[in-house]
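> Give me a model of this one.
(4 chains)
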Number of protein chains: 4
Amino acid sequence: MTQSDAKSGESGSGNEPTAGADDSGATKPVRLLSRDQLAEIDEARRATTETRRVSVPALEDILYQPIPVLDRGFVRVIDYMGDDGAVVQAARVSYGKGTRKLREDEGLIRYLLRHRHTTPFEMCEIKFHVKLPIFVARQWIRHRTANVNEYSARYSILDNEFYVPAPSELAAQSTANRQGRGDVLEGAEAARALDILKSDASRAYEHYEELLNEREDGTVIDPDKQGLARELARMNLSLSFYTQWYWKVDLHNLMHFLSLRADPHAQYEIRVYAEAMMDVLHRWVPATARAFSDYRIGGAHLSAAGLAVVKRLLAGEDVARESTDLSPREWRELMATLDRKG
Amino acid sequence: MTQSDAKSGESGSGNEPTAGADDSGATKPVRLLSRDQLAEIDEARRATTETRRVSVPALEDILYQPIPVLDRGFVRVIDYMGDDGAVVQAARVSYGKGTRKLREDEGLIRYLLRHRHTTPFEMCEIKFHVKLPIFVARQWIRHRTANVNEYSARYSILDNEFYVPAPSELAAQSTANRQGRGDVLEGAEAARALDILKSDASRAYEHYEELLNEREDGTVIDPDKQGLARELARMNLSLSFYTQWYWKVDLHNLMHFLSLRADPHAQYEIRVYAEAMMDVLHRWVPATARAFSDYRIGGAHLSAAGLAVVKRLLAGEDVARESTDLSPREWRELMATLDRKG
Amino acid sequence: MTQSDAKSGESGSGNEPTAGADDSGATKPVRLLSRDQLAEIDEARRATTETRRVSVPALEDILYQPIPVLDRGFVRVIDYMGDDGAVVQAARVSYGKGTRKLREDEGLIRYLLRHRHTTPFEMCEIKFHVKLPIFVARQWIRHRTANVNEYSARYSILDNEFYVPAPSELAAQSTANRQGRGDVLEGAEAARALDILKSDASRAYEHYEELLNEREDGTVIDPDKQGLARELARMNLSLSFYTQWYWKVDLHNLMHFLSLRADPHAQYEIRVYAEAMMDVLHRWVPATARAFSDYRIGGAHLSAAGLAVVKRLLAGEDVARESTDLSPREWRELMATLDRKG
Amino acid sequence: MTQSDAKSGESGSGNEPTAGADDSGATKPVRLLSRDQLAEIDEARRATTETRRVSVPALEDILYQPIPVLDRGFVRVIDYMGDDGAVVQAARVSYGKGTRKLREDEGLIRYLLRHRHTTPFEMCEIKFHVKLPIFVARQWIRHRTANVNEYSARYSILDNEFYVPAPSELAAQSTANRQGRGDVLEGAEAARALDILKSDASRAYEHYEELLNEREDGTVIDPDKQGLARELARMNLSLSFYTQWYWKVDLHNLMHFLSLRADPHAQYEIRVYAEAMMDVLHRWVPATARAFSDYRIGGAHLSAAGLAVVKRLLAGEDVARESTDLSPREWRELMATLDRKG
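Numbering: from 1, shown residues only, chains lettered A, B, ... in the order given. Prediction:
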């Protein structure tokens, strides 16, 4: 889907979701936001000012616009500070804007990343508005070096929006890896699983409204009842419901988050957020993003014992696992890294 | 298994709940843990060693023992480092154990706390094992300056344990305060609310087992099915389910947590955990706990404008709100602090 | 040397201090920077771009300009993210820019600050370039919740710039407070102190050059010598020498820093930096700055026992210290807060 | 007092250096501490208590004892929490002490470290008392995820102790690496460097006393003078003077510190502290220390492009730098890692 599709999104009442994201594959045309929300975003996008700060046109292009993730979620860039040049500027403690020649700057950025000089990357900052299922939020919040403001279900009523996996993501438990996924479920088992997830969440929301004695649109259900406190009623909702937050992080810690969450071992439902943010990274700080992709995402770490094996292999030796300091598991992992058969 | 089954505590398998860990007066008998768990705790309590480190007998007394909180939760102290003397020792950068005269030490502790010299309090550390409902865990985790290891529902199967408020805590939404509680619900509305909370959670767990194709005890339900991945099935559980974690924090940040969460404005369900930890604080560092209770819990902060009002009142003036820099709301809060009628 | 000496700034080479960066009213002409540095700053100020982000004209006015502090130091704002509206926007997890009515926003900001809802203030960020004596930097760095890039004397050669207190700040040791100042030194004692500070620092720098076998301007002193490693030679410099860094912090943690360092108990040499940053705060987020001044700077904290005394006084009682839970020292502090005689 | 006086050790007042605390083989006799300080340490070591907490005998053996570092510095372990078993216990969120079979535990520890599951390592904590030169302290403090209490030269008078490099460490500036060391200086240049470092520091301390109008032993120099405030006088001391602090850190962040500071690229004067702490690590958590040495210290990180080169080499190809995505510098670093000629 394109951003402009996202914006088309008109529909009836101010607050209701218009045509849903989820009768479809992963991310085609989606109507995520209400008219009021879209109007607010459009207004924010239209207002421009002059600034002496550095700006990044490629990031300005998508500022405030929701990037759809999962069936009802999104990531939006709300604000940012700095660019690739700001990394260089801080590393040099410059008086000016820091940029010399592009080529030289990129070399310095690669050097800093390679040698773990992380503080210059902390000098850039970005702020996102994210809508995500609660079980994803619970993983995400474990990254402590960030600032967060979450929508409060103690104070407000949550929307009737919950995550239902696309059929292609309805995976069985892996038999090899206790925290992994196996084959995609099919047939009756898949249908039953989707039915449970949808009907339990729908019922939970109906009962949430009943407990509150208030509908999603704010109208009272039964004037003779008081309604349970919001801070209690919310506990009836399941972990598949969407929440949202503002999340602000510096560039170094964003890359740390991405290195863990854009990794193939990360759960699919958080990885898709990380992937959307990888695209943002390339718009925002292209030189840093390239170095990051090369060193952190595509690279590999060798242990002392693993490095010793590589050296023996390079010397032409036919190395047997038993002659090394590697456990069978470590051996398998090393052979996989080197694309060799164990 | 239902909550009431869980409480009656009959057993058989290693994992079912049974007689409580602590029959002392402080915490009444509760059936929180399985026999195996209790045996593990007993074993840990029996094993003692000699140490050159400072020890705190009053805290050793309750080490490893669960302090019951809510209907199924607990707090257990797992380990600690330092005591009141360690605060003094660090403040003085001492060569020895730091303690001089008790009276002098307490004076220094009060001085440090009064003048916000917080770093010496960071020199003590404590580690808890906590079992708590997920919606409470979501508030708690916002305190970032702590170390956390949570039970992983991506890797393991959650127990069938969820929170149901006691009838005395089944509060209506406050009409005055959007994030507060009003009167306790009664009669049919209360009965209906409890019924919804229990039956939805019970059904959610049954369906969780069906999705996993695996029962709580680890047996397979239908050998012809694969079972949904754990990392997906968990999303069917509601926020009332219990999770557990190890939580480690230094004394300064523990007091910061307690000042926010033992506060009357905190939600009841997290406040009871904070209150249990206040008792732990008094056992562990009694002088610090006294100073904390006096300065942070029982005290009050006055704004510049509020302080000006107090001075005028002390001078005998009859002060009208309109003659001050306080908004009506600020005025009401100040009068409440001073126990005066606005 | 006095500020005015520093400002006279004659010289020739590219690195010498020269005409001030700022002839505006806000910050009077100062000769802090070299011509090259001033040129870099001017170039940065001239380059403006369009942005969809929120901008703050009053802060843009002084962007990049050095605000002089002490005899050779400065604070410069390099970049910022957000404004008062961004605090409100985050508190509401808004879709738009968050601002409703100014009056309503200010009320919310005051409420958040009064009730320690600190996370919305973490959503604004500011980046400074600071030049400061090393002994001040050593206090400053204790604030850990910030990002820092310091000029490296391991990698580069430090400039020949050191702090000498103005005669009016050459204070004697306080006899009442072990970490405070007493009267200003005068006459021969003052002259001797200034002479020691200047001559020792000058000699230290000459010897630093000799150790390096390299002058400040990069020329080699004796081609037959190797020169001591920079990372070693720097240890000959005294704590009065100036260093510089980029320092980035969120609005909440900036206010925490200011509440400690703009306080009368803070050492003069760091307080003047905090005061310069207070002015920046008022330009950047005026509503937040007003609330902060009222609640944090001008206010007072009462302990439980202190509050009890205030209530008794308000009830007309003639309270004797002995009848309270206050120590003599706590009593004196309370009476000072209330402008009463003990 | 000069450094050589300090080392000879005997003397009269309570504060003078005297016989070393540790005559064991590991750390040769050094006269670091005064008699009073040694007596305090001995007293702390003699007092033992019973505890239910886990203890580590190999670490208890050296508890409180100074491990000499540089000419006048030391590291002392003051307290600790947890052991290898506590890492396992937290990873499993156990009810008991967590240890199963040693072999199984070590496998889990290696797995956690290999896959960057860092939180279980945060569950162990250690507290050091460190005496170190100020320029080393300034590097050290950049590690923000730790708790620190430093001796205050604002409040107290610093001792007359400064670092002078051993002749074997008096290195020239590297010509290849701007932040590295070259050959050791010899002959007249070395003698002159040592003379400058010693005489400037000695004079700085004499003048520090004169500014304070107070000698190191607390006696007043001239009763007719007031003495400069301590917070000002300290600025006359050089960066080679020793300071001291309590430093407390969790096991994960300690390993992060060690991976950067025990690295060959770290400055010698901080590396020797890291090396002393590596020995402590092996005493405290031997399984974790082994895994750490294997994965972090002895290992290597390959970029995506570097890994591609390794695979081509393993396939028998004769790879030329120009045919890769590596810069000349990256190529040299890779060849060095693989022990190959570029």
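
> wait, does stretch A:71-88 contact chain C?
Yes: Stretch A:71-88 is in contact with chain C by CB under 8 Å from any CB of the partner chain, via A:78-82, A:86. C-beta here means a position set from N, CA and C on the backbone, and glycine is covered the same way.

> For the residue in the stretch 51-200 of chain A that chain C sits nearest to, which residues are in contact?
Residue of the stretch 51-200 of chain A nearest chain C, by CB to the nearest CB: residue A:96 (3.1 Å). Contacts here follow CB atoms under 8 Å, 6 or more residues apart in numbering or on different chains; on that basis residue A:96 touches A:89, C:40-41, C:43-44.

> Selecting buried members of those in ChimeraX, what would you type?
In ChimeraX syntax, the buried subset of the contacts of residue A:96 is picked out as below (16 or more other CB atoms under 10 Å in any protein chain shown):
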select /A:89 /C:40,41,44
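
> closest to chain B among the contacts of residue A:96?
Nearest to chain B among the contacts of residue A:96, with distances taken as CB to the nearest CB, is residue A:89, at 28.5 Å.

> so how far is residue D:309 from that closest one?
Residue A:89 is 32 Å from residue D:309, where distance means CB to CB, to the nearest Å.

> likewise residue A:75?
35 Å.

> in the stretch 201-342 of chain A, which segments are predicted with low confidence?
A:342 (pLDDT under 70).

> same thing but 80
Along the stretch 201-342 of chain A, the model assigns pLDDT under 80 to residues A:341-342.

> all strands in it, in order from the N-terminus.
All strands of the stretch 201-342 of chain A, identified by DSSP state E, counting those that start in this stretch, fall at A:242-250, A:300-302.

> which residues sit against the shortest one?
Taking CB under 8 Å, 6+ apart as the criterion, the residues outside strand A:300-302 that touch it are A:310, A:334, A:337, D:295, D:299-302, D:307.

> So among those, which ones count as buried?
Buried among the contacts of strand A:300-302 by 16+ other CB under 10 Å: A:310, A:334, A:337, D:295, D:299-300, D:302, D:307.

> Just the closest residue of the stretch 151-300 of chain A to chain D, please.
Taking CB to the nearest CB, the stretch 151-300 of chain A has residue A:298 as its residue nearest chain D, at 2.7 Å.

> what's near enough to touch the residue of the stretch 201-342 of chain A found nearest chain C?
Closest to chain C within the stretch 201-342 of chain A is residue A:246: 4.7 Å, counting by CB to the nearest CB. Applying CB under 8 Å, 6+ apart, one finds that residue A:246 lies in contact with A:78, A:127-130, A:147-149, C:89-90, C:93, C:123.

> One more: residue A:120?
A:87-88, A:90-91, A:112, C:149.

> and these, which are buried?
Applying 16+ other CB under 10 Å to these flags A:87-88, A:90-91, A:112, C:149 as buried.

> Can you check the pLDDT for residue A:45?
Listed pLDDT for residue A:45 reads 94.

> could you point out which element follows the helix or strand containing residue A:50?
Using DSSP states H and E, residue A:50 falls within strand A:49-51. Next in sequence after strand A:49-51, counting helices and strands by DSSP H and E, comes helix A:57-60.

> Past that following helix, which element shows up next along the chain?
Heading C-terminal from helix A:57-60 (DSSP H and E), you reach strand A:67-69.

> what pairs with the next helix or strand after that next one, and is each one parallel or antiparallel?
Counting by DSSP H and E, the element after strand A:67-69 in chain order, helix or strand, is strand A:73-81. The pairing partners recorded for strand A:73-81 under DSSP bridges are strand A:67-69 (antiparallel), strand A:125-133 (antiparallel).

> could you check the angle strand C:242-250 makes with strand A:73-81?
Taking axes from the mean of the first three to the mean of the last three CA atoms, to 10 degrees, one finds strand A:73-81 and strand C:242-250 inclined to each other by 150 degrees.

> ok, now which ones touch the most centrally placed residue in chain A?
In chain A, the centroid-proximal residue (CA atoms, centre = their mean) is residue A:273; its distance is 2.4 Å. With contacts defined as CB under 8 Å, 6+ apart, residue A:273 is in contact with A:69, A:73, A:75, A:130, A:132, A:136, A:140, A:261.

> Just put those residues in TSV and tack on neighbour count and distance to residue D:218.
Shown next, in TSV, are the contacts of residue A:273 (neighbours: other CB atoms under 10 Å in any protein chain shown; distance: CB to CB, whole Å):
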residue	neighbour count	distance to residue D:218
A:69	26	67
A:73	26	67
A:75	23	63
A:130	25	60
A:132	26	62
A:136	26	62
A:140	19	56
A:261	22	58
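
> returning to that earlier point: nearest residue to the residue of the stretch 151-300 of chain A closest to chain D other than its sequence neighbours?
Spatial nearest neighbour of residue A:298, excluding adjacent residues (CB to CB, 6 or more residues apart in numbering or on different chains): residue D:304 at 2.7 Å.

> ok, how many other residues are close to the one you found?
15 (other CB atoms under 10 Å in any protein chain shown).

> again with the one 5 residues further on
Burial of residue D:309 is recorded as 23 neighbouring residues (other CB under 10 Å).

> pretty sure it contacts residue D:334?
Yes: using CB atoms under 8 Å, residue D:309 is in contact with residue D:334, at 6.4 Å.

> one step back: distance check, the residue of the stretch 51-200 of chain A closest to chain C against chain B.
35 Å (CB to the nearest CB, to the nearest Å).

> related to what we said a few turns ago, can you pull up the bridge partners for the residue of the stretch 201-342 of chain A closest to chain C?
Going by DSSP bridges, residue A:246 forms beta bridges with residue A:129, residue A:149.

> and the gap between it and chain B?
From residue A:246 to chain B the distance is 13 Å (CB to the nearest CB).

> For that residue, give its distance to residue B:171.
29 Å.

> Repeat that for residue A:306.
Counting by CB to CB - residue A:306 and residue B:171 are separated by 58 Å.

> okay, the two: which has more neighbours?
For residue A:306 and residue B:171, the more surrounded residue by other CB under 10 Å is residue A:306, and the numbers stand at 26 against 19.

> Surely residue A:55 touches residue C:55?
No: assessed by CB under 8 Å, residue A:55 is found out of contact with residue C:55, at 10.4 Å.

> For the residue of the stretch 1-150 of chain A found nearest chain B, give me its contacts.
Proximity to chain B, evaluated over the stretch 1-150 of chain A using CB to the nearest CB, is greatest for residue A:144 at 4.2 Å. By CB under 8 Å, 6+ apart, the contact set of residue A:144 is B:144-145.

> Next up, phi/psi of it, please.
phi -80, psi -20 (degrees, to the nearest 10).

> go on, residue A:156?
Dihedral pair for residue A:156: phi -120, psi 170, per degrees, to the nearest 10.

> Distance-wise, check the closest residue to it other than its chain neighbours relative to residue C:249.
Leaving aside its sequence neighbours, residue A:156 sits nearest to residue A:230 (CB to CB, 6+ apart; 7.3 Å). From residue A:230 across to residue C:249, the span is 34 Å (CB to CB).

> burial measure for residue A:150, as a count.
18.

> show me the contacts for it.
Contacts of residue A:150 (CB under 8 Å, 6+ apart): A:137, A:243-245, C:93.

> repeat for residue A:251
Contacts of residue A:251 (CB under 8 Å, 6+ apart): A:82, A:87, A:121-126, A:285, A:288.
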